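Participant: Structure of the sequence below:
(chains A and B)
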2 protein chains.
Amino acid sequence: MRYINIGLIGLGTIGTGVVSILTKNSRLIEDRLGIPVRLAKIADLDIKSDRGIEIDKGILTTNAEEILNDPGIDIVIELIGGYEPAKGFILRALNNGKHVVTANKALLAKSGEEIFGMADRKRAAIGFEASVGGGIPIIRSLREGFVANNIESIYGIVNGTGNYILSKMTDEGGDFSDILKKAQDKGYAEADPTLDIEGIDSAHKIVILALLAFGTRVSLEDVYTEGFSDITQTDISYAREFGCRIKLLAIAKSSGDEIDIRVHPTMIPQDNPISRVNGVFNAIRVTGDFVGENMLIGKGAGSFPTASAVVGDIVEIARDMIRGSEGYRLPSRSYLPERIKDAKIKDISNITSEYYLRFSVLDRPGVLSKISGILGDRSISIASVIQKGRRENEAVPLVIMTHSAVERDIQSALSEIDRLDVVLEKTVLIRVEDGVKGGR
Amino acid sequence: MRYINIGLIGLGTIGTGVVSILTKNSRLIEDRLGIPVRLAKIADLDIKSDRGIEIDKGILTTNAEEILNDPGIDIVIELIGGYEPAKGFILRALNNGKHVVTANKALLAKSGEEIFGMADRKRAAIGFEASVGGGIPIIRSLREGFVANNIESIYGIVNGTGNYILSKMTDEGGDFSDILKKAQDKGYAEADPTLDIEGIDSAHKIVILALLAFGTRVSLEDVYTEGFSDITQTDISYAREFGCRIKLLAIAKSSGDEIDIRVHPTMIPQDNPISRVNGVFNAIRVTGDFVGENMLIGKGAGSFPTASAVVGDIVEIARDMIRGSEGYRLPSRSYLPERIKDAKIKDISNITSEYYLRFSVLDRPGVLSKISGILGDRSISIASVIQKGRRENEAVPLVIMTHSAVERDIQSALSEIDRLDVVLEKTVLIRVEDGVKGGR
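Facilitator: Residues are numbered from 1 along each chain as shown, chains lettered A, B, ... in the order given. Okay, here's the model as predicted:
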């Protein structure tokens, strides 16, 4: 074997980054691999635009078939994203005996079973480090580093756009919609930001992480998903008073029988390092029964960090190819295919959490007693209360932080509370992770 | 192959943890590996003491030879630590065609060349994830995850005992010696804590990290090493005023030609997540030319986290063994053996840093002007000054935070300043990493 031959499908932001790395660091990669990695062919519908990098025109094509059917190509890199034609390309590449590297989290979350199944049957390797957390080596850590552990929970900030917006709102003030607009102007958010702000992109990623952590298949529809577009400065500043910051978290916890898996805005104490992870950075925290807590932080988006993960996968597969063990060495999903189970999902109403509740109430005597009575009826215990300002016959905020409670009880209490005459608006609920320490 | 047979030498804290994992998680490991890992033999000088775990007496021996010479043993785990007989055991195991897993950072830092060389010649695998950062997958991330990158710098908190003491001093007050004593009482510090508090253990670890990051051999003697036993509450509280915390950092930076490698107490801004890493936790920050900054945080010491890394290495080697690619797939030092270079070390006098300087001066007119003049003569620019309290003819602290400067200029200025009549004590110098933001 004299070269590792790569076929790249999709010369967008990440694809361009991959070409940059393979060009600039080719010598370094050879120093670590032993033989050169050669970019044999690049397919994209647009092969005219200037991407600001030098590419041999002779390897460009608009026809992905030229890569899928080229027997000289060893590894196919799929970076077009979305469901089709990406899925067809990946399945055909695997079927043709090629290895695949992809960053396509949406596709793996939806069609992982089919894709991993095909890779297993064809004894082909599939690298997807770039699908979660950009350049953060989380896939590798789950499949290899923490392999001795029963993973108890994995949660984190896995959407850079969302974290950029929430960090700006927290540190510089401003409304969600204004900051979203600025993020779009700067290219940090897409024209249609739905996947990011509604938490759907985070849901894709937690489905992949849960598969590797617990060996369980989770359907995307089973992930409780709540975006952060309703978060206001009011809640950000109350969070601060409780010593917390608000982050969009993707969470998966296993109790052995059931998986608690969800995406929602979450208050986190400021002394948890994850609360300090700002901007486009991502952070993922893994807890295993022996390793305890581990956290990985890095740039979760952008051309170069994601391309770094893609090239890391290329080198991993190439190292295996050189020894003829590719696609065999490591189960693609961390567990042997026959040990992958269907997940039993814990309904959101059954989860246990601490809760931040902000009521909009009339400033009248007896209101706190009425509300705390309704909570008390369901054995929901109050950790802290903030009530400020006095405006007769106007709405004032009454904020309660609960101790650990079951979501069903909280929801039932809120539906009773929100029907009270003295409650003027729908109560704001934000879940809390990692304990409320310190209080006010 | 029906089993992977393990021989464990050293049934101390980590060794006992390894036995616990292989017992409790045997089914899980088989689900991920395909075949069982079997603890075939355990050697320790003391096979009588109760370790609180169940062990088949039949596999215990006081004679390590029984492991080294047993043709049925595939992987030897060395967990006795120190130089000899550990080194002899490892070399003989490799020479006998066995793979080795070790947590022995002191030995790898001193005799890495010999040990890695033997592994390369014998085509044997050597796993040493447990040698740095306990359960943090930093070795794996450098050898695989970040493999596409020129690593520009790697630094971190790599000594759990030291971080425990410094965190306690910072968060709860108290003198170094009192807290050290408490840490010893609780078992967080050894009876002879020299290796930890003098930074020597951190130096061992940064030598290993620099080897993997840059492909350069560094002699332990070439690492500038400064402990933290002189850190006082005075400096901790000034650090706080500058928005910083003091941590014992191990640092390695590459400028391509030269390696800047050192261990010393360091001020870090509070908005850098590493400043929030407290207690026995470790944190390592890696910056690559494409991936940007990445940080890994986890428990850096203790039986179970370290044992988690040992068993992770066992599974990695076992996965390779099943496919017959062990010891070939991955260069043990991340680079091909022939590409490993001798490091050219940047002398500490040539490094560039920001500096915290605390002068003990007489409270007289003109003192600030004299000191700042001496700094100015060497083009050292001042970022911030704190001068407080008025005590005639007594020593008062004068604190200066500099902008980026060359160490040689700082040292030359300090030697002139410390000779001034108005300067009553040797000036305290603490280097600053990651910029002084915010000032007072």
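
Participant: can we go C-alpha only for contacts and neighbour counts from here?
Facilitator: OK.

Participant: Just the element for A:A301, please.
Facilitator: For A:A301, there is no helix or strand it lies in under DSSP states H and E.

Participant: Can you tell me the closest non-neighbouring residue to it?
Facilitator: Spatial nearest neighbour of A:A301, excluding adjacent residues (CA to CA, 6 or more residues apart in numbering or on different chains): A:G134 at 5.2 Å.

Participant: My guess is the one you found contacts A:G302. True?
Facilitator: Yes - counting by CA atoms under 8 Å, A:G134 touches A:G302, with 7.5 Å between them.

Participant: Could you check which of those two has the larger neighbour count?
Facilitator: More crowded of A:G134 and A:G302, by other CA atoms under 10 Å in any protein chain shown: A:G134, with 29 against 17.

Participant: who are the neighbours in contact with that one?
Facilitator: For A:G134, the contact set (CA atoms under 8 Å, 6 or more residues apart in numbering or on different chains) comprises A:G298, A:K299, A:G300, A:A301, A:G302, A:P305, A:T306, A:A307, A:A309.

Participant: Looking at those, state which has the most neighbours.
Facilitator: Ranking the contacts of A:G134 using other CA under 10 Å puts A:A309 first, with 35 neighbours.

Participant: which strands and helices sit next to the helix or strand hosting that residue?
Facilitator: Here A:A309 sits within helix A:303-323, counting by DSSP H and E. The contact analysis (3 or more CA pairs under 8 Å, 6 or more residues apart in numbering or on different chains; DSSP states H and E) places helix A:303-323 against helix A:13-24, helix A:26-33, strand A:99-102, strand A:126-127.

Participant: The first one close to chain B?
Facilitator: To tie it back to what came earlier, the one meant is helix A:13-24. Yes - if you take CA under 8 Å from any CA of the partner chain as the test, helix A:13-24 does meet chain B, through A:I21.

Participant: circling back to that earlier point, starting from the helix holding A:A309, tell me the next helix or strand along the chain.
Facilitator: Next helix or strand after helix A:303-323 toward the C-terminus (DSSP H and E): strand A:341-342.

Participant: Sheet-wise, list the partners of that following strand with their directions.
Facilitator: Applying DSSP bridges, strand A:341-342 is found paired with strand A:216-217 (parallel).

Participant: Relative to A:V385, how far out is the nearest residue to A:Y356 once chain neighbours are set aside?
Facilitator: Using CA to CA, 6+ apart and skipping residues adjacent in sequence, the residue nearest A:Y356 is A:M401, 4.6 Å away. From A:M401 across to A:V385, the span is 6 Å (CA to CA, to the nearest Å).

Participant: which of these two has more neighbours?
Facilitator: Between A:M401 and A:V385, counted using other CA under 10 Å, the more crowded position is A:M401 (23 against 18).

Participant: so what secondary structure elements neighbour the helix or strand containing that one?
Facilitator: Counting by DSSP H and E, the element that carries A:M401 is strand A:395-402. Here strand A:395-402 touches strand A:352-362, strand A:382-387, going by 3+ CA pairs under 8 Å, 6+ apart.

Participant: which of those strands is buried the deepest?
Facilitator: Here the criterion is mean neighbour count by mean count of other CA atoms under 10 Å in any protein chain shown, and of the helices and strands packed on strand A:395-402 the winner is strand A:352-362, at a mean of 22.

Participant: tell me the angle of it relative to strand A:382-387?
Facilitator: Relative orientation of strand A:352-362 versus strand A:382-387 (axes from the mean of the first three to the mean of the last three CA atoms, to 10 degrees): 20 degrees.

Participant: Who are the packing partners of strand A:352-362?
Facilitator: Strand A:352-362 packs on strand A:395-402, strand A:405-406, strand A:428-432, going by 3+ CA pairs under 8 Å, 6+ apart.
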